[in-house]
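# quick one: sequence plus predicted model below, questions after.
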There are 2 protein chains.
Amino acid sequence: MNTSSRFTVGIHILTLLAYGGGEAMTSEYMAGSVNTNPVVIRRLLSLLRAARLVTSQGGPGGGWQLARPARGITLRDVYLATEGNTLFPMHPNAPNPRCPVGSTIQSALSGHFDDARHALEQQLGQTTIADLVQEVKTQPR
Amino acid sequence: MNTSSRFTVGIHILTLLAYGGGEAMTSEYMAGSVNTNPVVIRRLLSLLRAARLVTSQGGPGGGWQLARPARGITLRDVYLATEGNTLFPMHPNAPNPRCPVGSTIQSALSGHFDDARHALEQQLGQTTIADLVQEVKTQPR
DNA sequence: ATATGCGCAACTAGAATGGTTACTAGTTAC
DNA sequence: GTAACTAGTAACCATTCTAGTTGCGCATAT
């Protein structure tokens, strides 16, 4: 497996929060839906909070809420919050600077990589968490 | 480290082969440009060969060649050969089937993930190895 | 006060990646 | 035929990442 499941699970819990209708939801409850440990969920939620997608509140009755309406959160937002800019890692060691290709390939690639990343994010920006709530509600169990 | 550099290094060595003009090139030479071990390069080349992008030949004067003109090899081809379908891994454990969201989120996501993957590959398909050779040749050292 | 729920550090197991050595087998040149 | 060369591949190692788990501190609502 190449990348992490953070993106997928992040979408899952944001959809849960939106599906819940605005009530604060605990990490323990979400862990029950994702089928994992609450600490794993809290680690992921802290990334989403850093991206201003959710807020947290301690104490009884506390938990997590969306920071803005589900209609205003896209998969692009979730992707950037959970995966950042790790799509196309460069060489593990610097290429040979005395080789015509090695000395220039990375700068030649960076523009094309930016274009590809942009195309991906543009498409992810077309889908909102509200769309997913709708799909979940209309989908046959 | 999150993902692999196979895609980037794969583009590098295909560009090297195209830059070389058609002569057979050894994995040892390529390793010198990438600044790594020849076995690492051969492992990567075996993936590219499985995708019919290169051919190999043993013995003195042997080495590796492009299987078709650089103009006909796109970054999409290299991406699929080196990374396959690992862009959006699903949950590590199956979500809770008794939760309305958990039971449906994966099938709801698959269509959107396909769309995003397609947008990425479509953009990668716009650039050929021949384009990169041209950029490398015209770029200032 | 007490129970609740987040915050976070620490540790573990498993997998992937990249690097390295060593050996086999086939091909070319002489 | 022999020697040199190159790919093919298995085995092993160190590093890093992911996910899971335990434990404890802290804030808050009742």
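Looks like it came in fine.

# three-state assignment of the residue of chain A positioned farthest from its centre?
Distance from the centre of chain A peaks at A:Arg98, with 39.8 Å (Cα atoms, centre = their mean). Under the three-state scheme (DSSP: H, G, I helix; E, B strand; the rest coil), A:Arg98 adopts coil.

# before we move on, what about A:Gly111?
helix.

# picking up where we left off before, ramachandran coordinates for the residue farthest from the centre of chain A?
phi -90, psi 0 (degrees, to the nearest 10).

# what separation is there between it and B:Thr36?
15 Å (Cβ to Cβ, to the nearest Å). Just so you know, the C-beta spots here come from the backbone N, C-alpha and C atoms, and that holds for glycine as well.

# low-scoring stretches of chain A, by residue?
Chain A contains residues with pLDDT under 70 at A:1-3, A:141.

# enumerate the residues of it near DNA strand C.
Selection of chain A residues close to DNA strand C by Cβ under 7 Å from any atom of the strand yields A:1-2, A:26-28, A:38-39, A:42, A:45-46, A:49, A:56-64, A:89, A:92-93.

# now, these that are in helices?
Under the assignment DSSP state H, the residues of chain A next to DNA strand C contribute A:Ser27, A:Glu28, A:Pro38, A:Val39, A:Arg42, A:Leu45, A:Ser46, A:Arg49 to helices.

# any quick ChimeraX command for the buried ones out of those?
In ChimeraX, the members of those classed as buried (16 or more other Cβ atoms under 10 Å in any protein chain shown) are selected with the following command:
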select /A:27,38,42,45,49
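
# determine which two of the ones in helices among the residues of chain A next to DNA strand C are furthest apart.
Farthest-apart pair in those is A:Glu28 and A:Arg49; separation 17.1 Å (Cβ to Cβ).

# quick check: residues of chain A near DNA strand D?
So chain A meets DNA strand D at A:3-6, A:9, A:36-37, A:39-40, A:57-62 (Cβ under 7 Å from any atom of the strand).

# so which of the residues you listed is the most crowded?
A:Val9 (24 neighbours; other Cβ atoms under 10 Å in any protein chain shown).

# so that residue touches A:Leu44, yeah?
Yes: if you go by Cβ atoms under 8 Å, A:Val9 and A:Leu44 touch, sitting 6.0 Å apart.

# any part of stretch A:132-141 near chain B?
Yes: Stretch A:132-141 reaches chain B (Cβ under 8 Å from any Cβ of the partner chain) through A:Leu132, A:Glu135, A:Val136, A:Lys137, A:Gln139, A:Arg141.
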